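Engineer: okay, structure incoming, though there's no sequence with it:
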């Protein structure tokens, strides 16, 4: 029996309170992308967002739902904040469960938050792994809220719990909806894109993570060719400089991946990008070569010839400014790219 329904004036928060359980929700964004989120708990027919919220509240594993009034569909999800829809989304509304009080007296929090009132949040993905926040999930790569010790507010990142708590820094995927990576330095300081298609974590969050928990970090760059065969390389002692350095790239050494073919070293090999600032069209450090403007994306360009042997923020569509990794993949189109941070 429903005892109370409160819908805020700006329609961003509502509370569904039953004798037991009870939940409250915040309205989040609907994002249109050809690569939609296919991992859902349940999809059913309901008549209102209230009914859909009740279904989510009664399911202890539900942390997000989307209701589409034109189709009367209700879809429940186990994690995440925004809802990715590949078709018409004009009648759809997405909500995240902020806190759920379950019938067995347990509490459901947004992933990354914990405590009886969801008052605590993991510092980073490694901390979330150590706190076993991922234990109820079958999948290993999960959108997770973290709050680095020097950050003002929690932020959602994608944590990899299959390898001890890694953090996704960048994701590029051909065939997903286009997201422009030819952006200003200010834009690269912020997060943009979608975790599962084309995504950038933002320098601000990356530095909050690395400076908030000083450690020896490693960057894994994983590249998939058109046959979806992966190769990989690790940059040990990975560092990113501060804003005044132009977010310069640093690494102490490289190691091959034990799980994939060796990509070769297009960052510190025959051309060395260590110490190079990150060039964008509005902050291009490459002088007469104008690499960021010419290639159309941000990167740690130069030590030439003509800019770099790697460029992974291109268009991902086979055009002249497409992504490339010349060592071991010279001339190959790249279906997918991942940057993953571990410590």
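Structural biologist: Thanks, I have it. The shown structure was predicted, so the numbers you read here are calculated from the model rather than taken from an experiment.
Engineer: find the residue at the geometric middle of this structure.
Structural biologist: In the chain, the centroid-proximal residue (Cα atoms, centre = their mean) is residue 195; its distance is 3.6 Å.
Engineer: count of neighbours near the closest residue to that one other than its chain neighbours?
Structural biologist: In this structure, residue 195 finds its nearest non-sequential neighbour in residue 158, 4.6 Å apart by Cβ to Cβ, 6 or more residues apart in numbering. (Each C-beta comes from the backbone N, C-alpha and C, glycine too.) Counted by other Cβ atoms under 10 Å, the residues lying close to residue 158 total 20.
Engineer: residue 158 and residue 168 touch, don't they?
Structural biologist: Yes. Under the criterion of Cβ atoms under 8 Å, residue 158 makes contact with residue 168 at 4.1 Å.
Engineer: which neighbours do those two share?
Structural biologist: Taking Cβ atoms under 8 Å, 6 or more residues apart in numbering as the contact rule, residue 158 and residue 168 both touch 141, 195, 199.
Engineer: shouldn't residue 166 be in contact with residue 160?
Structural biologist: Yes. Between residue 166 and residue 160 there is a contact under Cβ under 8 Å: 3.9 Å.
Engineer: about what we covered before: look up how far residue 64 lies from the residue nearest to the centre of the chain.
Structural biologist: Per Cβ to Cβ, to the nearest Å, residue 195 is found 13 Å from residue 64.
Engineer: kindly report the same for residue 266.
Structural biologist: As judged by Cβ to Cβ, residue 266 and residue 64 stand 38 Å apart.
Engineer: what bridges to residue 233?
Structural biologist: residue 221, residue 256 (DSSP bridges).
Engineer: got phi/psi on residue 25?
Structural biologist: phi -130, psi 150 (degrees, to the nearest 10).
Engineer: grab the nearest non-local neighbour of it.
Structural biologist: With Cβ to Cβ, 6+ apart as the criterion, residue 25 has its nearest non-adjacent residue at 4.1 Å, and that residue is residue 95.
Engineer: can you count the residues close to that neighbour?
Structural biologist: Residue 95: 25 surrounding residues under other Cβ under 10 Å.
Engineer: quick one: it is in a helix?
Structural biologist: No. According to DSSP: H, G, I helix; E, B strand; the rest coil, the state of residue 95 is strand, so it is not within a helix.
Engineer: quick one, what contacts it?
Structural biologist: Contacts of residue 95 (Cβ under 8 Å, 6+ apart): 14, 25-28, 49, 53, 56, 64-67.
Engineer: ok, these vs residue 308, which is closest?
Structural biologist: residue 28 (37.4 Å; Cβ to Cβ).
Engineer: what pLDDT is listed against that closest one?
Structural biologist: We have a pLDDT of 94 for residue 28.
Engineer: so residue 190 versus residue 53, what's the distance?
Structural biologist: As defined by Cβ to Cβ, residue 190 lies at a distance of 31 Å from residue 53.
Engineer: neighbour count winner among the two?
Structural biologist: Under the criterion of other Cβ under 10 Å, the comparison of residue 190 against residue 53 puts residue 53 first, with 24 against 13.
Engineer: and that one, what are its phi and psi?
Structural biologist: Per degrees, to the nearest 10, the backbone of residue 53 is at phi -60, psi -40.
Engineer: next: residue 291.
Structural biologist: Dihedral angles (degrees, to the nearest 10) for residue 291: phi -60, psi -50.
Engineer: and it, what does it touch?
Structural biologist: Contacts of residue 291 were listed using Cβ under 8 Å, 6+ apart, and they are 279, 284, 299, 301-302, 306-308.
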